[in-house]
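*Asks:* show me the folded form of this:
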Amino acid sequence: MFRRIVFAAAIAGLLAGVFISAVQAVRVIPLILEAETYETPAPAVPTTDESAGGASVDLSRTALTAVSNILAAIAFALLLIAGFVLRGGVDWRKGILWGLGGFAVFSLAPSLGLPPELPGTFAAMLKDRQGWWLLTVALTAGGLALVAFAPGWGWKALGAALIALPHLIGAPQPAQHGGLAPEAMMQQFVIATLVTSGLFWALLGGLSSYLFERFEKA
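*Replies:* Coordinates of the predicted model:
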C-alpha cells in the first residue's frame with residue numbers, strides 16, 4: 001500500500017509540477033520579471049557577455065522553479081492520496097473536487113486577505129503574514145472537512161464559521177498599500193496566479209486519484 005501511494009504521488013506530482021511550471025513560464029514569470037524592472041534603475045545597454053549571463057541566470061531560475069514546483073506537487077499529492085485512503089478511495093472526478101478543495105485551502109482562502117504579490121509590493125511584517133496564512137490554511141482545511149463530511153447541520157455550520165473566522169480577524173496590512181509596479185500589472189498577476197493554481201490543483205487531484213486507483217487495482 002505504501003509503495004503504491006508513493007509511486008502514484010511521485011508520478012502525479014511530476015506531471016502536475018511540469019504543467020504548472022510551463023504555465024507559469026508563459027503567464028506568471030514574465031510579470032515577475034517585468035515588475036523587477038521597477039525596483040532598480042534602467043541598466044546600461046548590456047554587452048554580449050552580459051546578455052549571455054542574463055540568459056543563463058533566467059534558465060537557472062526557471063529550472064529551480066520547476067524543481068521546487070515538482071517537489072511541492074509530490075508533497076501535496078501525498079496529502080491528497082492519504083485523504084483518498086481514509087475515505088476509502090475516490091475516482092478521478094471526485095479527485096478533481098478534492099484538488100479544488102486543496103486550491104481553496106492553500107491558494108484561494110489566503111489570497112482573500114493576502115493576494116499574491118509582485119516584487120516591490122508593499123506588505124506587512126513577514127512573521128505576521130506567515131502567522132495569518134497558517135491560521136487561514138488550518139481553519140479553512142478543518143472547516144471544509146466539517147462542511148463536506150461531518151453529519152448534521154450543526155457541524156456544518158461550525159465548519160462554515162471556521163472558514164470565515166480568519167477573514168473576520170483580518171489579514172495583517174501594510175501601512176501603505178500598492179507597490180512599485182503599476183496597479184494593472186498587480187491585478188493581472190493576481191488573476192494569473194490564481195488561475196494557474198486552480199488548474200494545477202484540479203489536475204493534481206484528478207491525476208492522483210486516477211493513478212492511485214490504477215495501481216491499487218494492479
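
*Asks:* touching, A192 and L31? I think so.
*Replies:* Yes. Counting by C-beta atoms under 8 Å, L31 is a contact partner of A192 at 6.5 Å. In short, each C-beta sits where N, CA and C put it, glycine included.

*Asks:* quick one, longest helix in the protein?
*Replies:* helix 48-86 (DSSP state H).

*Asks:* that helix packs against which elements?
*Replies:* Using 3 or more C-beta pairs under 8 Å, 6 or more residues apart in numbering; DSSP states H and E, the elements in contact with helix 48-86 are helix 2-27, helix 29-36, helix 92-103, helix 183-217.

*Asks:* chain center to it: distance?
*Replies:* 12 Å (C-alpha atoms, centre = their mean, to the nearest Å).

*Asks:* average pLDDT across it?
*Replies:* Here helix 48-86 scores 79 as its mean pLDDT.

*Asks:* where does pLDDT dip in the protein?
*Replies:* Applying pLDDT under 70 to the chain flags the ranges 40-58, 89, 218.

*Asks:* and P172, which helix or strand is it part of?
*Replies:* Of the helices and strands defined by DSSP states H and E, none includes P172.

*Asks:* now do the phi/psi pair for it.
*Replies:* phi -60, psi 140 (degrees, to the nearest 10).

*Asks:* ditto for the one 3 residues further on
*Replies:* The main-chain torsion angles of A175 are listed as degrees, to the nearest 10 and equal phi -70, psi -30.

*Asks:* please identify the buried residues of the longest helix of the chain?
*Replies:* 65-66, 69-70, 72-74, 76-78, 80-81, 83-84 (16 or more other C-beta atoms under 10 Å).

*Asks:* and if you look at stretch 186-201?
*Replies:* In stretch 186-201, counting by 16+ other C-beta under 10 Å, buried: 186, 188-190, 192-194, 196-201.

*Asks:* hang on, the earlier thing: looking at the buried residues of helix 48-86, which is nearest E36?
*Replies:* T65 (14.4 Å; C-beta to C-beta).

*Asks:* please list all residues in contact with that closest one.
*Replies:* S21, Q24, I29 (C-beta atoms under 8 Å, 6 or more residues apart in numbering).

*Asks:* need those residues in JSON lines (columns: distance to L97 and neighbour count).
*Replies:* Putting the contacts of T65 into JSON lines (distance: C-beta to C-beta, whole Å; neighbours: other C-beta atoms under 10 Å) gives the following:
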{"residue": "S21", "distance to L97": "24", "neighbour count": "21"}
{"residue": "Q24", "distance to L97": "24", "neighbour count": "22"}
{"residue": "I29", "distance to L97": "29", "neighbour count": "17"}
